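K.L.:
This is a predicted model, with the sequence first.
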Amino acid sequence: ILDTLGVTHLDIDDENANEAGRDGSVYEIRNEALAMLQDERPEVKISYTVPAGQGGIENRDYSPAKDMVSDAVEKGIDLSYVNIMTMGFSGDYTSIIPSAGQGTVDWLANVYPDKSEQERWEMLGVTPNVGEDNFTTDDANAIVDWAENEDLGLLSFWALYKSSAAEQAEIFATFESDED
């Protein structure tokens with residue numbers, strides 16, 4: 001598949017840990033396979049997209065995010081990004097999303113004790129839901145400015161299901177990371 005499709009990046013967004021009949025630790029087997037893949041093909045970038053609360057990355061019943069990321073690092077996977085989904089919040093997105101980002105960067109120090117805070121910011125991804133009713137274009141501009149100031153590695157968005165979301169997507173497209 002990697003060769004046929006020219007795949008260079010695998011992002012794991014596993015939100016089914018609590019599915020009936022599924023072993024919640026299947027991520028351990030997946031991480032073993034990903035570590036073997038990365039050993040054979042170090043050019044393939046691997047990332048995790050995970051849930052977050054206002055304080056950062058969180059284990060949830062449907063996605064044991066901290067456990068999955070910790071296990072990946074323990075198994076030797078070189079993660080390019082830990083991309084937090086900052087969705088379902090109400091309130092001031094321009095405070096909540098940076099708080100979730102800071103909390104995740106702080107938590108990443110536990111699994112990457114040799115990385116500087118700046119290196120952890122560079123491996124942080126953030127994906128808010130621009131389709132939420134109270135997420136405005138002003139919020140989008142403020143989040144892009146914040147992401148550039150912190151030198152985030154990735155900024156994306158979710159859900160183009162309302163008319164203003166296209167305008168917000170254009171704002172997010174202005175984000176430039178230092179990634180090659």
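P.N.:
Cool, got the structure.
K.L.:
which residues of this protein fall in strands?
P.N.:
Per DSSP state E, the chain carries strands over the ranges 9-12, 45-53, 56-57, 59-60, 63-64, 79-86, 124-128, 154-155.
K.L.:
Just confirm Asn16 contacts Gly24, I think it does.
P.N.:
No: assessed by CB atoms under 8 Å, Asn16 is found out of contact with Gly24, at 9.7 Å. The way it works is simple: take the backbone N, C-alpha and C, and place the C-beta from them, glycine included.
K.L.:
now the strands of the chain in TSV, with mean neighbour count and mean pLDDT?
P.N.:
Formatted as TSV, the strands of the chain follow (neighbours: other CB atoms under 10 Å; pLDDT from 0 to 100):
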stretch	mean neighbour count	mean pLDDT
strand 9-12	15	95
strand 45-53	21	96
strand 56-57	24	98
strand 59-60	14	92
strand 63-64	22	90
strand 79-86	24	96
strand 124-128	25	95
strand 154-155	22	94
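K.L.:
what distance separates stretch 90-98 from the centre of its chain?
P.N.:
Counting by CA atoms, centre = their mean, to the nearest Å, stretch 90-98 is centred 17 Å from the centre of its parent chain.
K.L.:
What are the buried residues along it?
P.N.:
Buried positions in stretch 90-98, judged by neighbour count with 16 or more other CB atoms under 10 Å: Tyr93, Thr94, Ile96, Ile97, Pro98.
K.L.:
Okay, helices next: where are they in this structure?
P.N.:
Secondary structure of the chain (DSSP state H): helices at 2-5, 26-40, 65-74, 93-111, 117-122, 137-150, 165-172.
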